[in-house]
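> give me a 3D structure for the following:
(2 chains)
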Amino acid sequence: DQQVKQNSPSLSVQEGRISILNCDYTNSMFDYFLWYKKYPAEGPTFLISISSIKDKNEDGRFTVFLNKSAKHLSLHIVPSQPGDSAVYFCAASIRNSGNTPLVFGKGTRLSVIA
Amino acid sequence: DAGVIQSPRHEVTEMGQEVTLRCKPISGHDYLFWYRQTMMRGLELLIYFNNNVPIDDSGMPEDRFSAKMPNASFSTLKIQPSEPRDSAVYFCASTPGYNEQFFGPGTRLTVL
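Numbering: from 1, shown residues only, chains lettered A, B, ... in the order given. Below is the predicted model:
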């Protein structure tokens, strides 16, 4: 049973527009969420995170929104750039009872078209 | 720091052969993780270590898989015997104890 789901395997967006990547989770114990970005032939790299005590975290062009009641988070990229084309992984963990391993979604491949 | 180092970057082997993947974590990181990435299953956690001790190996698919961490700067993932369905990209990651993990570049394994 997948605890972290990214239901869109791929997404295409025009350069300059907003990219919205979605992630759903089933375990209500998760209290820390992360987004990773992965280019071909490289390992995933950390992008942005959010704690369950917040509903929004922003870092430059990247904003993560968390809706705990819906068990849903999203990553917004504004404006999208061709260099943002990559696979994006959502991940979750339980922090308040000790570090637990990250649980990853299957990823969404974002293509930003110039 | 050079980041997490994995070797080899690519491995092609024949079914039945032993395969050993290697990882050097970032110095000072107490946690080390081994993941496998496939199209069907995404990023799966295989096993993780804390201070060189295996904590959870429930993700290791079969007895053919084993992992060791003899010291704080080195870990291996061994598959013996290898099978075509083991073909995947294997990642090693480390962290100092917080949730943000730092990944290596991965080893692409092809078993013919």
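> name every strand pairing with the lowest-mean-pLDDT helix or strand in chain A and say which way it goes.
Of the helices and strands making up chain A, the lowest-confidence element is strand A:103-104, at a mean of 93, by mean pLDDT, DSSP states H and E. The pairing partners recorded for strand A:103-104 under DSSP bridges are strand A:86-93 (antiparallel).
> which positions in chain A make contact with chain B?
Chain A has residues A:32, A:34, A:36, A:41-46, A:49, A:89, A:93, A:95, A:99, A:101-107 near chain B, with proximity defined as C-beta under 8 Å from any C-beta of the partner chain. (C-beta placed from N, C-alpha, C; glycine too.)
> now the residue most central in space within chain B: closest residue in space, sequence neighbours ignored.
Nearest to the mean C-alpha position of chain B, by C-alpha atoms, centre = their mean, lies residue B:34 at 3.5 Å. Of all residues not flanking residue B:34 in the chain, residue B:46 sits nearest, at 4.4 Å (C-beta to C-beta, 6 or more residues apart in numbering or on different chains).
> what's the strand or helix carrying that neighbour packed up against?
Element membership for residue B:46, per DSSP states H and E: strand B:42-50. Counting contacts by 3 or more C-beta pairs under 8 Å, 6 or more residues apart in numbering or on different chains; DSSP states H and E, strand B:42-50 packs against strand A:103-104, strand B:31-38, strand B:53-56, strand B:65-71, strand B:74-79.
> among these, which is nearest residue B:103?
strand B:31-38 (8.0 Å; C-beta to C-beta).
> in the closest one, what counts as buried?
B:31, B:32, B:33, B:34, B:35, B:36, B:37 (16 or more other C-beta atoms under 10 Å in any protein chain shown).
> next up, the contacts around the second one.
Counting by C-beta atoms under 8 Å, 6 or more residues apart in numbering or on different chains, residue B:32 makes contact with B:23, B:25, B:48, B:49, B:69, B:75, B:92, B:93, B:94.
> surely the third one touches residue B:58?
No. With contacts defined as C-beta atoms under 8 Å, residue B:48 does not count as touching residue B:58, sitting 10.2 Å away.
> so the two - more neighbours on which side?
residue B:48 (23 against 7; other C-beta atoms under 10 Å in any protein chain shown).
> identify the bridge partners of that one.
Beta-bridge partners of residue B:48, as defined by DSSP bridges: residue B:33, residue B:56.
> what of residue A:49?
residue A:34.
> list of residues touching stretch A:12-24?
Residues contacting stretch A:12-24 (C-beta under 8 Å, 6+ apart): A:4-8, A:11, A:33, A:35, A:70-82, A:84, A:88, A:90, A:105, A:108, A:110-114.
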